[in-house]
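Novice: Give me a 3D structure for the following:
(one chain, ligands or ions: 2)
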Amino acid sequence: MVINRYTRNLIDEGNGKFNLMLVCWGPSQSSTIHDHADAHCFMKLLSGSLQEVKFEWPNTEQKEEEQEMVVRERTGLKPNQVCYINDSIGLHRVENVSHSDGAVSMHLYCPPFSSCTVFDQRTGHRMTCPVTFWTKFGQKVDPKRPKACC
Ligand SMILES: N[C@@H](CS(=O)O)C(=O)O
Ligand SMILES: [Fe+2]
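Specialist: Ligands and ions are numbered 1, 2, ... in the order given. Just a heads-up that it's a prediction; the model follows:
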């Protein structure tokens, strides 16, 4: 089976207070630019090498306006490094910069969230996106689940 997106794997729900998950990145995979639905987001790189690209929030409130999104910072992450983001810091995209190796990161979201907003880098346009899991507690989730887009 071909997996063309990174996979999100839930490992602990913290009695509804947080989500702890493992994200597995294939070579060259990356997330779409996204927010974190007002949650705290901690991310620790466990293996491989990832790059975090931070963006400013776009100021395109009008749907017809288009504006290339502004990169604020690029940070290369090394195994065991931890980074943090929330919506007041800005938006980000995470990229597996290796074309040959996978990467694994651990993410803690507090409180948990089931949808976030994703952004088109060229226009700043936004879309609400469900966030779904590939596995929960080691069990594959029903394949009929809604397809995630971030
Ligand atoms: N926040 C993303 C992973 S990352 O790109 O920070 C997610 O939960 O899918
Ligand atoms: Fe994120």
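Novice: Just want the most central residue of the protein.
Specialist: Note on the chain: the residue nearest the mean C-alpha position is S31, at 5.3 Å, using C-alpha atoms, centre = their mean.
Novice: In contact with it, which residues are there?
Specialist: By C-beta atoms under 8 Å, 6 or more residues apart in numbering, the residues touching S31 are 6, 93-95, 150. For every residue, glycine as well, the C-beta is placed using N, CA and C.
Novice: what about the strands in the chain?
Specialist: 7-12, 19-25, 33-34, 40-47, 50-55, 71-77, 82-85, 91-96, 103-110, 115-119, 126-130, 135-136, 139-140 (DSSP state E).
Novice: if we can go back for a sec, for Q139, see how far away the residue nearest to the centre of the chain is.
Specialist: 24 Å (C-beta to C-beta, to the nearest Å).
Novice: contacting residues for D38?
Specialist: By C-beta under 8 Å, 6+ apart, the contact list for D38 reads 86-87, 113.
Novice: Filter those residues down to just the buried residues.
Specialist: The neighbour-count test (16 or more other C-beta atoms under 10 Å) marks D87 as buried among the contacts of D38.
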